[in-house]
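Asks: Could you look at this predicted model? Sequence included:
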Amino acid sequence: MAGVVTVLAQKRLKFEVRFGLSRRRQLRKVTKDVTSATARKALCSIVRDGRVQMKKLAYAALVTVTILAASNDGLARYGRDAADAAQPSERDAVQAAVLDYVEALYSAQPERIQRSMHPGLTKRGYFKKNGETTFSNEPMTYEQLIALAGRWNKDGKRPVATYPKEIVVFDVLNQTASAKLTAMWGVDYFHLAKYDGQWKIVNILWQEPPAK
């Protein structure tokens, strides 16, 4: 019996390290068993219970880590999406510049020309004069366009609510962009470039509405 107790003492030391205080208490109970067979059965039971508990703990830890990782990834992605949603896209900014141009004329707001145009603007239009079959063309400067916006609908009598202002953004790169506008006077094509982080119209090519 002394030999059995010695063996159990050695086993108990190993299990104390591996399974902690709760297993130590169970081992104390084993040392009090009357027969070595009973002690071995009790010891095997502790071993089995310990392995099962350790597997359960390991699985629970793995699940917890996985959930936390997924949660953190989801929160990070949500944060990025929210930040992106809060900032207007480059395409929206290009469209806003073109809208400034057409609204400046429709609503007699020359300050919107100043906001959306580069001072080095080049604008050229093609149209047919009354009674003519060929196109004439006329250039316009930045300053002339500002003046035109101030007087074109100064009295507010033009039915601008019925006028079209359809904008199509073709391409947006990191420095340049292109777009199209269908308005009351015809079709405009735009080249834009970014200056100090803001899109500015640098070229306008337009013509009167095509014959239907």
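Replies: Here it is on my side, so go on. Computed from a prediction, not measured in an experiment: that's the story for all the values here.
Asks: Check which element follows the strand or helix carrying residue 113 along the chain.
Replies: Taking DSSP states H and E as the definition, residue 113 sits inside helix 110-116. As assigned by DSSP H and E, the chain's next helix or strand after helix 110-116 is strand 117-127.
Asks: which stretches of this structure form strands?
Replies: Secondary structure of the chain by DSSP state E: the strands cover 117-127, 136-140, 166-172, 176-183, 186-195, 198-207.
Asks: Mind putting those strands into TSV with mean pLDDT?
Replies: Compiled in TSV, those are given as follows (pLDDT from 0 to 100):
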stretch	mean pLDDT
strand 117-127	97
strand 136-140	94
strand 166-172	97
strand 176-183	98
strand 186-195	98
strand 198-207	98
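Asks: With mean neighbour count and distance to residue 102 added, can I get those in CSV?
Replies: Placement of C-beta: from N, CA and C, glycine included. Below are the strands of the chain laid out as CSV (neighbours: other C-beta atoms under 10 Å; distance: least, C-beta to C-beta, whole Å):
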stretch, mean neighbour count, distance to residue 102
strand 117-127, 16, 12
strand 136-140, 11, 15
strand 166-172, 15, 8
strand 176-183, 19, 5
strand 186-195, 18, 8
strand 198-207, 19, 11
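Asks: Would you reformat those as JSON lines and include distance to residue 89?
Replies: Compiled in JSON lines, the strands of the chain are given as follows (distance: least, C-beta to C-beta, whole Å):
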{"stretch": "strand 117-127", "distance to residue 89": "21"}
{"stretch": "strand 136-140", "distance to residue 89": "30"}
{"stretch": "strand 166-172", "distance to residue 89": "8"}
{"stretch": "strand 176-183", "distance to residue 89": "12"}
{"stretch": "strand 186-195", "distance to residue 89": "14"}
{"stretch": "strand 198-207", "distance to residue 89": "11"}
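Asks: Can you give the domain ranges for the protein?
Replies: Per automatic domain parsing, the domain ranges recorded for the chain read 2-86, 90-207.
Asks: Where does pLDDT dip in this structure?
Replies: Where the chain drops to pLDDT under 70, the residues are 1-88.
Asks: Show me the helices in it, by range?
Replies: 2-19, 21-31, 36-86, 90-106, 110-116, 142-151 (DSSP state H).
Asks: If you count contacts, what does the fifth one end up packed against?
Replies: The helices and strands touching helix 110-116, judged by 3 or more C-beta pairs under 8 Å, 6 or more residues apart in numbering; DSSP states H and E, are helix 90-106, helix 142-151, strand 198-207.
Asks: Quick one: closest of those to residue 189.
Replies: Nearest of the helices and strands packed on helix 110-116 to residue 189, taken as C-beta to C-beta: strand 198-207 at 4.8 Å.
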